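Engineer: Just to be clear, the model below is a prediction. Sequence and coordinates:
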Amino acid sequence: MDSSAMARSLLSTTPLSNPSISRRSSSLDPLSAPSRRISPSPQISLSAPSLSLKKPIRFLTRCSAAEEAVPIEKQFPPFPAVMDIKQIRDILPHRFPFLLVDRVIEYTPGVTAVGIKNVTINDNFFPGHFPERPIMPGVLMVEAMAQVGGLVMLQPEVGGSRENFFFAGIDKVRFRKPVVAGDTLVMRMTLIKLQKRFGIAKMEGKAYVGGEVVCEGEFLMVTGSE
């Protein structure tokens, strides 16, 4: 028997002692087995407890400034009109150039009122106060506040009459900041004490520009019926 015949006889008659080794070796032979994905062994853990994140990852998106910004003309809502200029003229006897309340934005008869005065360069007092620096006169600020107080008092609920409504005194008046053309003067007048028998009313007033107090004081007024 030649050597080649002897080799074929041994391969055909000698069993493999470990079939698993044979299967493993054949799987690694790229020519004898089809290609397959090698999956990780189940004994190997892919998680790393020491590297776990304590906080969740958050993804932030950034928008352009043009998308976030609101145009300045849309940022300021208009004042409410609880009482317009026509209704104000029906209550107050004042007329041009001495009607200094343009609108009422809050109102409770006999208790409180909030009125506004739009200060413009066209107001008749600016050419003389002052030509180079237009500032609203303090006495006119007090007058405007008193007119808001008149809107509180000159109502049927209170028993007042516009024919009998005068200053009786002004106390503790302070001017905190100048009011200039372009400002909106917001004035709140609140009734503190009312003596109907004598027709005397004491009121507290504060005027604001941009949320800051520019004028404040106590007002004593005389009211009466027709």
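Structural biologist: All right, it came through fine.

Engineer: use CA for all of it now, contacts and neighbours both
Structural biologist: Will do.

Engineer: check contacts around the residue nearest to Thr184 when sequence neighbours are not counted.
Structural biologist: Nearest residue to Thr184, sequence neighbours excluded (CA to CA, 6 or more residues apart in numbering): Asn118, at 4.7 Å. By CA atoms under 8 Å, 6 or more residues apart in numbering, Asn118 lies in contact with 102, 182-185.

Engineer: Same check on Thr108?
Structural biologist: Thr108 touches Val152, counting by CA under 8 Å, 6+ apart.

Engineer: Buried residues, the helix of greatest length in the chain. List them.
Structural biologist: Across the chain, the longest stretch assigned as helix under DSSP state H is helix 138-153. Under the neighbour-count criterion of 16 or more other CA atoms under 10 Å, helix 138-153 has 138, 141-153 buried.

Engineer: who touches it?
Structural biologist: If you take CA under 8 Å, 6+ apart as the criterion, helix 138-153 is touched by 88, 91-92, 99-101, 107-115, 117, 159-160, 165, 175, 187-191, 203, 205-207, 215, 219, 223.

Engineer: average model confidence for stretch 110-124?
Structural biologist: On average, the pLDDT along stretch 110-124 is 95.

Engineer: ditto for stretch 175-190
Structural biologist: Mean predicted lDDT for stretch 175-190 stands at 97.

Engineer: Touching that stretch from outside, list them.
Structural biologist: Residues outside stretch 175-190 that contact it (CA under 8 Å, 6+ apart): 111-121, 134-136, 138, 145-146, 148-149, 152, 203-210, 213-216.

Engineer: now the strands for this structure?
Structural biologist: Using DSSP state E, the strands of the chain run over 103-108, 112-118, 165-175, 184-195, 200-209, 212-223.

Engineer: Strand 103-108 and the longest helix of the chain, what's the angle between them?
Structural biologist: Here the directions of helix 138-153 and strand 103-108 differ by 50 degrees (axes from the mean of the first three to the mean of the last three CA atoms, to 10 degrees).

Engineer: Can I get helix 138-153 in CSV, CA atoms only?
Structural biologist: Coordinates of the C-alpha atoms in helix 138-153 are reproduced here as CSV (Å, rounded to 0.1, in the frame of the first residue of the first chain):
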residue,chain,number,x,y,z
GLY,A,138,-45.0,120.6,39.1
VAL,A,139,-48.2,122.6,39.8
LEU,A,140,-49.8,121.1,36.7
MET,A,141,-48.9,117.7,37.8
VAL,A,142,-50.7,118.4,41.1
GLU,A,143,-53.6,119.8,39.1
ALA,A,144,-53.8,116.7,36.9
MET,A,145,-53.8,114.5,40.0
ALA,A,146,-56.6,116.7,41.6
GLN,A,147,-58.7,116.2,38.5
VAL,A,148,-58.4,112.4,38.9
GLY,A,149,-59.5,112.9,42.4
GLY,A,150,-62.5,114.8,41.1
LEU,A,151,-63.5,111.8,39.0
VAL,A,152,-63.5,109.8,42.3
MET,A,153,-65.7,112.3,44.1
